[in-house]
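Visitor: pasted the sequence and its predicted model underneath.
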Amino acid sequence: MEILILAVVIAVVVLGTVSGLVITGRRRKAGPPDEGTATRPGATAGPTAGPRDQESAAPTDTATAPPHAPGASAEPPVVEPAPVAEPEAPAVETPAPTEGRLVRLRARLARSQSSLGKGLLTLLSRENLDEETWEEIEDTLLRADVGVGPTQELVERLRERVRVLGTRTPEDLRALLREELLELVTTEADRAVNTAGGVSATGDELPAIALVVGVNGTGKTTTTGKLARVLVADGRSVVLGAADTFRAAAADQLETWGSRVGARTVRGPEGGDPASVAFQAVKEGIQEAADVVLVDTAGRLHTKTGLMDELGKVKRVVEKQAPVGEVLLVLDATTGQNGLVQARVFAEVVDVTGVVLTKLDGTAKGGIVIAVQRELGVPVKLVGLGEGPDDLAPFEAEAFVDALIDQ
Ligand SMILES: Nc1nc2c(ncn2[C@@H]2O[C@H](COP(=O)(O)OP(=O)(O)OP(=O)(O)O)[C@@H](O)[C@H]2O)c(=O)[nH]1
């Protein structure tokens, strides 16, 4: 009996052990809960299988998918990259080269000068060059803003040369007029914007400093911005000083121009002291070893004394740190003789070293170039030929005269 009880106990123990093994084995086969997800064929198979949502949405993939080979789950999933927002294109632009801009814009310039070159050639081609015709030639020059003095000189020289010339072919006349206009515009002047920096008392290199002056509305801020582009295109680093604190938008306008070519703008509080902005701009230009600091100034012609005080102070303050190598006077070419009056006032206030004639693309007469140079005794260095960013051209006497007479 005892043996029977012992046998039953052993049998129960053996049965219990065996069933425990079976249950454990079953559990093992079920595996970790996430294993199935990791090896789900649809997750990695199709080339278009996308992120999670496509895993369950493509049961047929399972059928077409390659068998799930050992280690396959280690391969990187072939999925289309999710569309990523394009990084913003850099705002910095590459300005067009400055060489030959005047030639490129010749057609535009020629359109605006329709009365001068063509008119003169027509008159000079007349069979009989009588007194009346010479008067008409004189009037044509005066109407084109050449100014009284230069007009008389030109007429005198033309009369003399035509007399000596004898017969006049259109080619002769054209060549003669070209030579005489060139003489008036002058090919001798140094028209390069001075970008030679100075040297400090301690022997450190200093940036070139250029002040841009002129009456508001002539295109001063625009010109400062365009000039920054020209300088950057020529490989120079530029810091801009928004010292026109009078018009709130002027600093924003300048900053926009500068940011397009990677030139930083130093600005002050609206209505603040222009001289302190100019000072700060030059200081920062020196600190960051910029090649050029361009300072846009306010040009309120409220009173001459006010203007003199303000511009004089800007210049003095700047010169405590670095010499001002260039004072560019911006004149609106369409204002003709009024432009000359402004030019006179500014020339009394600061030593103007170069003139920028803007809006030559408009109704301006080309003669203003001659008149203003004669009036101030300083060369036209740049001309504005439109509102586009690269519509500021280094002035070239020959290209300009050709544009006047090649129509
Ligand atoms: N057609 C033409 N327009 C120009 C030229 N240069 C400037 N302008 C335009 O003239 C207007 C006045 O230019 P601004 O640069 O704001 O004039 P500003 O003298 O600086 O005036 P403030 O900023 O008030 O000092 C703008 O609409 C310019 O786009 C040019 O060469 N041709």
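Guide: Alright, I've got the coordinates.
Visitor: checking S276 next. Helix, strand or coil?
Guide: Of the three states, S276 takes helix under DSSP: H, G, I helix; E, B strand; the rest coil.
Visitor: low pLDDT regions in the stretch 51-200 of the chain?
Guide: Scanning the stretch 51-200 of the chain for pLDDT under 70 picks out 51-91, 100, 102-115.
Visitor: all strands in it, in order from the N-terminus.
Guide: With DSSP state E, counting those that start in this stretch as the definition, the stretch 51-200 of the chain shows no strands.
Visitor: tell me where it has helices.
Guide: Secondary structure of the stretch 51-200 of the chain, counting by DSSP state H, counting those that start in this stretch: helices at 52-57, 60-64, 101-104, 106-112, 117-124, 131-143, 148-165, 170-185.
Visitor: after the last one, which helix or strand is next?
Guide: The one in question is helix 170-185. As assigned by DSSP states H and E, the chain's next helix or strand after helix 170-185 is strand 208-213.
Visitor: rounded mean pLDDT for that next one, please.
Guide: On average, the pLDDT along strand 208-213 is 96.
Visitor: ok now the helix or strand containing K315, how far from the chain's centre?
Guide: Per DSSP H and E: K315 is located in helix 304-319. Taking C-alpha atoms, centre = their mean, to the nearest Å, one finds the center of helix 304-319 at 28 Å from the center of the full chain.
Visitor: the helices of the stretch 51-200 of the chain into a markdown table, with extra columns for distance to the ligand and mean neighbour count?
Guide: Glycine gets a C-beta too; all of them are placed from N, C-alpha and C. What follows is the helices of the stretch 51-200 of the chain, written out as a markdown table (distance: least, C-beta to the nearest ligand atom, whole Å; neighbours: other C-beta atoms under 10 Å):
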| stretch | distance to the ligand | mean neighbour count |
| --- | --- | --- |
| helix 52-57 | 53 | 12 |
| helix 60-64 | 61 | 13 |
| helix 101-104 | 12 | 19 |
| helix 106-112 | 10 | 17 |
| helix 117-124 | 20 | 19 |
| helix 131-143 | 21 | 16 |
| helix 148-165 | 23 | 15 |
| helix 170-185 | 19 | 17 |
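Visitor: so which of the ones you listed is nearest Q321?
Guide: Closest approach to Q321 among these is made by helix 101-104 (32.5 Å; C-beta to C-beta).
Visitor: got the confidence number for the residue in the stretch 251-400 of the chain positioned nearest to the ligand?
Guide: Closest to the ligand within the stretch 251-400 of the chain is G384: 2.3 Å, counting by C-beta to the nearest ligand atom. At G384, the model reports a pLDDT of 92.
Visitor: what does V282 give?
Guide: 97.
Visitor: same check, this time on A298
Guide: Note on A298: pLDDT of 84.
Visitor: same check, this time on D361
Guide: Listed pLDDT for D361 reads 81.
Visitor: same deal with the one 10 residues further on?
Guide: Per-residue pLDDT puts A371 at 92.
Visitor: ramachandran coordinates for it?
Guide: Per-residue torsions, A371: phi -60, psi -40 (degrees, to the nearest 10).
Visitor: what sits against it?
Guide: D145, V146, G147, P150, L340 (C-beta atoms under 8 Å, 6 or more residues apart in numbering).
Visitor: can you tell me the closest non-neighbouring residue to the last one?
Guide: Closest residue to L340 in three dimensions, ignoring its sequence neighbours and counting by C-beta to C-beta, 6 or more residues apart in numbering: E375, at 5.4 Å.
Visitor: close to the ligand, is the strand or helix carrying the one you found?
Guide: Using DSSP H and E, E375 sits within helix 367-376. No: Helix 367-376 is not in contact with the ligand by C-beta under 6 Å from any ligand atom; minimum separation 12.9 Å.
Visitor: quick check: next helix or strand after that helix?
Guide: Downstream of helix 367-376, the first helix or strand assigned by DSSP H and E is strand 380-384.
Visitor: quick one: name whatever helix or strand follows that following strand.
Guide: Assigned by DSSP H and E, the successor of strand 380-384 is strand 392-394.
Visitor: for that next one, name the packing helices and strands.
Guide: Counting by 3 or more C-beta pairs under 8 Å, 6 or more residues apart in numbering; DSSP states H and E, the packing neighbours recorded for strand 392-394 are helix 101-104, helix 220-233, strand 380-384.
Visitor: quick one: the longest one near the ligand?
Guide: Going back to what we said before, that points to helix 220-233. Yes: for helix 220-233 and the ligand, the contact criterion (C-beta under 6 Å from any ligand atom) is met by K220, T221, T222.
Visitor: need these in JSON lines (columns: pLDDT and neighbour count).
Guide: Formatted as JSON lines, the residues of helix 220-233 next to the ligand follow (pLDDT from 0 to 100; neighbours: other C-beta atoms under 10 Å):
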{"residue": "K220", "pLDDT": "94", "neighbour count": "27"}
{"residue": "T221", "pLDDT": "94", "neighbour count": "28"}
{"residue": "T222", "pLDDT": "95", "neighbour count": "21"}
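Visitor: partner strands of the helix or strand just after the helix holding K315 and their direction?
Guide: Later in the chain than helix 304-319, the nearest helix or strand by DSSP H and E is strand 324-332. In the sheet, strand 324-332 lines up against strand 208-213 (parallel), strand 354-358 (parallel) (DSSP bridges).
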